[in-house]
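*Asks:* no letters, just coordinates:
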């Protein structure tokens, strides 16, 4: 029996939650992210101030879904989408989908302020938090 495939791009809060909600469904779920872990971003400031170690806010995706038979994980970057062919193009290959969810998150908005963009420290990843700490 062929199951419909849902591809979720992004393992942040929204993508991770959707994959968790679908793990006991009849769908074939493919979760694609550029990292093999989820970071709990609200505590990133704790890493920057040395109150928490990075490992305290990072969770391996494969461990989260180790008992899920219908969820697969791919570490990749998206290069493009062919909506007519229902094909997601990544740096490790192309994937057909029935449904595509784009949940890549957000990027820092500097509101057009070039000085702010040049001098501010974004804090959306552990390396950025550690850069601020050091």
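*Replies:* Right, received. Where do you want to start? Every value quoted in this text rests on a predicted model; they were computed, and no experiment measured them. Residues are numbered from 1 along each chain as shown.

*Asks:* now do the longest helix seen in the chain: everything it contacts.
*Replies:* The longest helix of the chain (DSSP state H) is helix 13-22. The contact list for helix 13-22, computed with C-beta atoms under 8 Å, 6 or more residues apart in numbering, reads 6, 8-9, 11, 29, 31, 33, 38, 41, 61, 64-65, 70-71, 101, 103-105. Using the backbone N, CA and C atoms, a C-beta is placed for each residue, glycine as well.

*Asks:* can you pull the contacts of residue 30?
*Replies:* So residue 30 contacts 5-8, 71-74, 95, 97 (C-beta under 8 Å, 6+ apart).

*Asks:* sec struct for it, please.
*Replies:* Under the three-state scheme (DSSP: H, G, I helix; E, B strand; the rest coil), residue 30 adopts strand.

*Asks:* measure it to residue 68 for me?
*Replies:* 12 Å (C-beta to C-beta, to the nearest Å).

*Asks:* next: residue 10.
*Replies:* 17 Å.

*Asks:* between the two, point out the one with more neighbours.
*Replies:* Taking neighbours as other C-beta atoms under 10 Å, residue 10 and residue 68 compare with residue 10 leading, 20 against 16.

*Asks:* much appreciated, bye for now.
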